[in-house]
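# got a predicted model here, sequence first, then my questions.
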Amino acid sequence: MNKHTLRKLIGIAALAMAGLTTIAVGRSSDYLADVSGSCTAAPVATDTFIKTYRMRDRAEGYGLLSTKDGGYLVTGDTVLSSGMGVWNAFIVRTDAKGTALWSRQFDSQSAAQGVLTETKRLSVQTSDGNFVVAGDIIDFYDAAYEDRKEGWGDVLVTKVSTSGKVMWSTMVGDYSMDFPQELWAASDGGVILLAKFKKTGYGSDVADFDAVPGHSVVIKFDKNGKVAWSKNLSAVVTDMEYLSDGSFIALADIDTRATQQATGALPVIVKMDSKLKVQWARSIEAPSIGFAMPTGTSKSTMKINQMTIRVAGGDFKSVEQTPDGGFIAFGRYFNAAQLLGGNAGAMIKSPTDPVATVAVKVDAQGTYQWARSVKTANGSLGMDLKAVKTSDGAFVIMHTITRKAGSTKLTDFAGNVEVMKVDSDMNPRWVKKIDIERDAAGFDLQATKDGGIALSGRIITTEEHMIMGSMEPYEEALLIKADANGNVSGAGVIADGGPVTAADQTSQLIMQNMSADTEEMTLPVNKKVKAVLSDIKDKERTIVAPAKVTVTPVCGTLSTGSSTTKAASSKAKTGSATVRNRGTRKSSTSQPTAPATSPKAATYPQIYFDNATEAQIETEKSRQIHAELLPILQKVFGEVKMTDNTSGLWLTYIFPRQATVVDREAVQKALVALSYKVDEAEGGVLNVSKVGRSLRMTFAVNNSMMGKLEVML
């Protein structure tokens, strides 16, 4: 087993232990304005290519900027000796065909390697055409911190000219590890930075850095790099967008455990005005889980209290504005039925199992509209996800997948990149799978002006070099420019992504009002520093040669046959259909009508019932008893499923609602009419008998999560 395979397996284990931690990267401020028009199927000319850049032995392309002249700025980290040296941030400036114009490295040391969930290298182009970049560093010390030097790491913000020379640099942060999250260009020539800080005052005394609580900060720099203002957000922001009217939309994790019963932080969509005043905040949750808890006894009766716990509706990582002025959050879906087994994080069975991507839509006022999921055939290596809006008002979603879904072979755990385009109603247009050399990962994604996309990342090459007596592959920063349909001309490394399953999940999720706030903040660390950029040799490779192509964008969507949510009074089942990536396409002109009020969530008994599979009767005795019970249960509960008759020892029935004592009494009355004698009837227990037959029945009257009856034969 080589070192890279070992690192990947360690990473998979770390993801599982950390609750499927997400690797994400920031986006630039060169965002596309909201559009109200639909996709136009007119031919468009575009450049396509695949390039890699290697500085030293390893180079990771964490960030990407599509520049105003059609070129690109690739940012990331590089290191010697296969990761055993010091990591330094780099910048590669390219033309429209990906050819490097210059490459520079920061002489300061990068901080976040080893904390890959936080690693971001951000860049924007300011109104004067120059660039501002932001990254984390650890070798600028602050001697003002008591009598010691603060060396946890802060955020270095640097302005670089178009030729790669430093114009100014500033360091901001807290007295603990800090990370940049997002960066946008402001209209006055300055920039706005979103950063994640750890709480003040822990310093080098922290034994467990991951246990330190964090918060996000928004900082405005003027055109000269001076901090104009800074504000503290009361939550950790996962993603945030600077909108065309100067306001903000954010996706945050808000922890409610201190004030309410919850399993942890809840994903929340937060709308803020241009001064970062919160206008509304809405959580994305699965229906609350109910538990029956004994609280004591009264004479011979046990007292039962119902406790409810709020549960996150998924792992959401990107938020974007939709063409109609609403907002859409993208993430990974927690199937509500899985929560019934007590495992809220059981989204994947293994790293190679497919995982559904879910989109949750709200209108401009935050009213819940719908939730829809799309699952491809490709397994996931983690919960990383990146989404960006394209020029036609659709969205492209990128994440890292396994080379072969469902495989148990170590060689098939290698990473690939999956890119999927969906319209504003989460209907998939196309899915692409990118497989380059030994392993590929995508870190940043940009929509380009020609309707295509560009992405940066990293590949592990087939070329090796000797390190400490063993052969190791090189790692190179990756840059891909694809057309509007996700293709690169002449690229055999890009293929259609396979079958797609789509489903409506509206009734599986709920949204509630949440409390969120911001406040003025004085930065503990805010000072000018002298950043040094120096030339670094770049070995550039062409994986697929640049080509100018003319393509007709795909405007229809894959025919999925997804079911729509039924009315609240109905069963609210969530159907699905499987289609092929090259399947029949339908027109994208029809738009679903948004509900006047937020959709009503299905109950857990209904969800459990919908997902339950009926079993087969195994013995003649079971068949006779089932023939007696089924008509009675159908009359009382409406719908019934028999789900277990193992060896004919019992019969288990499932209903779409919780069982009650009244239900037990109705079943009891019907059995008496069939000449059964009642031996015991109390609470959910009903024991009856007649000549040659005895039934011990237990109704789950205290279980709000499912409707259930167990009959011992």
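Good, I have the coordinates. Numbers count the residues shown, from 1 in each chain.

# leaving out chain neighbours, which residue sits closest to the residue nearest to the spatial centre of the chain?
The centroid of the chain falls nearest to Gly331 when counting by CA atoms, centre = their mean (3.2 Å). Distance criterion CB to CB, 6 or more residues apart in numbering; nearest residue to Gly331, sequence neighbours excluded, is Phe316 at 3.2 Å. Glycine gets a C-beta too; all of them are placed from N, C-alpha and C.

# who are the contact partners of that neighbour?
Counting by CB atoms under 8 Å, 6 or more residues apart in numbering, Phe316 makes contact with 238, 251, 267, 284, 329-332, 360.

# wait, is it part of a strand?
Yes. Counting by DSSP: H, G, I helix; E, B strand; the rest coil, Phe316 is part of a strand.

# what's the distance between Arg623 and Met712?
16 Å (CB to CB, to the nearest Å).

# an error on my part: the question was meant for Phe49.
Where Met712 is concerned, Phe49 sits at a distance of 69 Å (CB to CB).

# neighbour count winner among the two?
Ranked by neighbour count (other CB atoms under 10 Å), Phe49 and Met712 place Phe49 first, with 24 against 12.

# so Val549: helix, strand or coil?
Val549 - assigned by three-state DSSP - is strand.

# how many neighbours does it have?
For Val549, using other CB under 10 Å, the count is 16.

# so what's the nearest residue to it once chain neighbours are set aside up against?
Closest residue to Val549 apart from its sequence neighbours, by CB to CB, 6+ apart: Ser489 at 4.8 Å. Neighbouring residues of Ser489 by CB under 8 Å, 6+ apart: 48, 483, 544, 547, 549.

# tell me the secondary structure at Ser489.
coil.

# distance of it from Lys433?
Ser489 is 17 Å from Lys433, by CB to CB.

# same check on Val661?
55 Å.

# more neighbours, these two?
Lys433 (23 against 13).

# ok, and what's touching the helix or strand where the more buried one lies?
Using DSSP states H and E, Lys433 sits within strand 428-434. Strand 428-434 has contacts (CB under 8 Å, 6+ apart) with 374, 376, 378, 394, 401, 416-423, 440, 442, 480, 482, 485-487, 493-498, 500, 502, 554-558, 560, 581.

# may I see the buried residues of stretch 414-434?
The neighbour-count check on stretch 414-434 (16 or more other CB atoms under 10 Å) flags 414-434 as buried.

# pLDDT below threshold where in the stretch 101-250 of the chain?
Residues of the stretch 101-250 of the chain meeting the criterion pLDDT under 70: 112-117, 145-151, 200-212.

# let's see it at 50
114 (pLDDT under 50).

# before we move on, what about the stretch 501-650 of the chain?
Residues of the stretch 501-650 of the chain that meet the cut-off, pLDDT under 50, sit at 561-596.

# and the helices in it?
In chain order, the stretch 501-650 of the chain shows helices spanning 604-611, 620-637, with DSSP state H, counting those that start in this stretch as the criterion.

# in the shortest one, what counts as buried?
By neighbour count with 16+ other CB under 10 Å, helix 604-611 contains the buried residues 604-610.

# got JSON lines for the residues you listed, with distance to Pro354 too?
Listed next are those as JSON lines, based on distance: CB to CB, whole Å:
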{"residue": "Tyr604", "distance to Pro354": "24"}
{"residue": "Pro605", "distance to Pro354": "27"}
{"residue": "Gln606", "distance to Pro354": "25"}
{"residue": "Ile607", "distance to Pro354": "20"}
{"residue": "Tyr608", "distance to Pro354": "22"}
{"residue": "Phe609", "distance to Pro354": "24"}
{"residue": "Asp610", "distance to Pro354": "20"}
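
# of those, closest to Gly246?
Distance to Gly246 across the buried residues of helix 604-611 (CB to CB) is lowest for Ile607, with 41.5 Å.

# tell me the spacing between that closest one and Ala601.
Counting by CB to CB, the gap from Ile607 to Ala601 is 9 Å.

# tell me, what's touching the two both at once?
With CB under 8 Å, 6+ apart as the test, Ile607 and Ala601 both reach 287, 508.

# end-to-end on stretch 370-386?
20 Å (CA to CA, to the nearest Å).

# how far away from the center of its chain is that stretch?
For stretch 370-386, the separation from the chain centroid amounts to 8 Å (computed by CA atoms, centre = their mean, to the nearest Å).

# please name the nearest non-neighbouring residue to Val640.
Leu633 (4.7 Å).

# assess the claim that the one you found and Leu651 are in contact.
No. Judged on CB atoms under 8 Å, Leu633 makes no contact with Leu651 at a distance of 10.1 Å.

# those two: which has the busier surroundings?
Leu651 (24 against 21).

# which neighbours in the sheet does the helix or strand harbouring that one have, and how are they oriented?
Leu651 belongs to strand 650-655 when assigned by DSSP H and E. If you go by DSSP bridges, strand 650-655 pairs up with strand 641-644 (antiparallel), strand 707-712 (antiparallel).

# what comes up buried for the first one?
Of the residues in strand 641-644, those buried by neighbour count under the rule 16+ other CB under 10 Å are 641-643.

# can you classify Lys51 by secondary structure?
strand.

# what's the spacing between the nearest residue to it once chain neighbours are set aside and Leu478?
Closest residue to Lys51 apart from its sequence neighbours, by CB to CB, 6+ apart: Gly98 at 3.9 Å. From Gly98 across to Leu478, the span is 10 Å (CB to CB).

# rewinding a little: tell me the helix or strand right after the strand holding Lys433.
Following strand 428-434 in sequence, per DSSP H and E, is strand 439-447.

# and the nearest residue to Arg541 once chain neighbours are set aside, what does it touch?
Closest residue in space to Arg541, ignoring its immediate chain neighbours: Thr52 at 4.6 Å, by CB to CB, 6+ apart. Counting by CB under 8 Å, 6+ apart, Thr52 makes contact with 459, 461, 476-479, 540-541, 543.

# what's the neighbour count on Asp188?
Residue neighbour count, defined by other CB under 10 Å, stands at 12 for Asp188.

# isn't it right next to Lys220, touching?
No. Proximity of Asp188 to Lys220 does not meet the contact threshold set by CB under 8 Å, at 9.3 Å.
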